[in-house]
Structures are given as structure tokens and as C-alpha cells.
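Colleague: Structural data only, the sequence is not supplied:
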């Protein structure tokens, strides 16, 4: 599942988003944020955000895991850049998906994505970091509900935009 374990990865990195992961993000969202979730899986992240009064305009996934999630391709589907929407998602962390995803979505709307915190410290992140406006530390996440353990990788929310800007880091509170 992670770089320091020998557990087999779940296909398409499908790990439902726990509610605790959303808490650090909330202080950075405007009240009543209208958002799109393009890697919605079973819609869990959508439900966590809607439960605290944010509004989901569209939730889709290449392979939906719930009837509330429609079928769509996060690397193809597009929205009007003047829509006023925000993308909020927990995408697959595979770099062959993540990097094209950042390029595609940051041009359309402010894009919050949950990813491993180490990503920002890699050479491969360099072309994307000028467009990273915020990094919000989450820490380790308990991805598998029935497990006694958290994952071995720290996580963070990253906010990407269309224009370059200095990155502000927010540590854990």
C-alpha cells in the first residue's frame, strides 16, 4: 500500500477518505464552498464536506463505487474556468495519474488534492510547485477502517491554482 510496506495496493488506489482527513482542510475553505469531486469513488469525501454545509455540484469517478457517483474521467472532463467552483479530491497517488491531473484541473479551478506529504520534496514535483498555493499538513491517516494502524506515510492537502504563487505551509494544529 505504501512505500514502506509490502501490502498489495488496492486497485486504482481506491482508499475511501476518512472524515478525520477533512478536518484540517475546513479552515481553508470558504463557507458554503461549491465543489466538484472528480475521483469520488464511493462519495465518502463528498458526504464529509456536505455534512459541514459545502455543496457538491458534481461527483464522478472512472469506476464509481456508489449510486450517487456518476461515471466520468478526471483527465478528460472539463468545467468552465469562470464557474466559481473548487475541485476537492483524494486522487490516486500514482504519479502517472497525479501529474496530468494537476495540470488538467489547476487550469480550470482552484484544486485541493490530498496526497502524500513527501511528494512536495521530490524532484518530480518541481514543475508543479510554482502553482501550489498552500500545503496543509494532515499527518498519518487510518485508511482501512477495521485496522488498528494508520498508514506509514504522512499526508497533506495541496491547493493548486492557474497562476504561480508562493506556497504557504500550514503545519498540524
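Modeller: Looks like it arrived, so ask away. Given the structure is predicted, the values throughout are model-derived calculations rather than measurements.

Colleague: can we go C-alpha only for contacts and neighbour counts from here?
Modeller: Noted.

Colleague: residues in contact with residue 120?
Modeller: Going by Cα atoms under 8 Å, 6 or more residues apart in numbering, residue 120 touches 126, 129.

Colleague: Can you mark which positions in the longest helix along the chain are buried?
Modeller: Longest helix in the chain by number of residues (criterion: DSSP state H): helix 95-106. Within helix 95-106, the residues that count as buried by 16 or more other Cα atoms under 10 Å are 98, 101-106.

Colleague: Identify the residues contacting stretch 34-42?
Modeller: 14, 16, 46, 54-66, 68-69, 72-74, 84-92.

Colleague: re earlier: now find how far off-centre the longest helix of the chain is within its chain.
Modeller: 11 Å (Cα atoms, centre = their mean, to the nearest Å).

Colleague: Just the residues contacting the biggest strand by length in the chain, thanks.
Modeller: Criterion DSSP state E: the longest strand present in the chain is strand 132-140. Taking contacts as Cα under 8 Å, 6+ apart, the residues outside strand 132-140 that touch it are 21, 24-25, 117, 150-161, 164-172.

Colleague: Apply 7 Å and report the result again.
Modeller: With Cα atoms under 7 Å, 6 or more residues apart in numbering as the test, strand 132-140 has contacts from 21, 24, 150-161, 165-172.

Colleague: Which ones among the residues you listed map onto helices?
Modeller: If you go by DSSP H, these have 21, 24 in helices.

Colleague: just checking, which of the contacts of strand 132-140 belong to strands?
Modeller: 154-160, 168-170.

Colleague: just to revisit the earlier point, what angle do the longest strand of the chain and helix 95-106 make?
Modeller: 130 degrees (axes from the mean of the first three to the mean of the last three Cα atoms, to 10 degrees).

Colleague: how distant is strand 132-140 from the center of its chain?
Modeller: Centre-to-centre, strand 132-140 and its host chain are 11 Å apart (Cα atoms, centre = their mean).

Colleague: Next: stretch 132-143.
Modeller: That offset, for stretch 132-143, works out to 9 Å (Cα atoms, centre = their mean).

Colleague: for the chain, what are the low-confidence residue spans?
Modeller: 1-15, 142-152 (pLDDT under 70).

Colleague: let's see it at 50
Modeller: Counting by pLDDT under 50, the chain contains low-confidence ranges at 1-2, 4-5, 12.

Colleague: Now residue 79: closest residue in space, sequence neighbours ignored.
Modeller: If the residues on either side of it in the chain are set aside, residue 79 comes closest to residue 108, at 6.3 Å by Cα to Cα, 6 or more residues apart in numbering.
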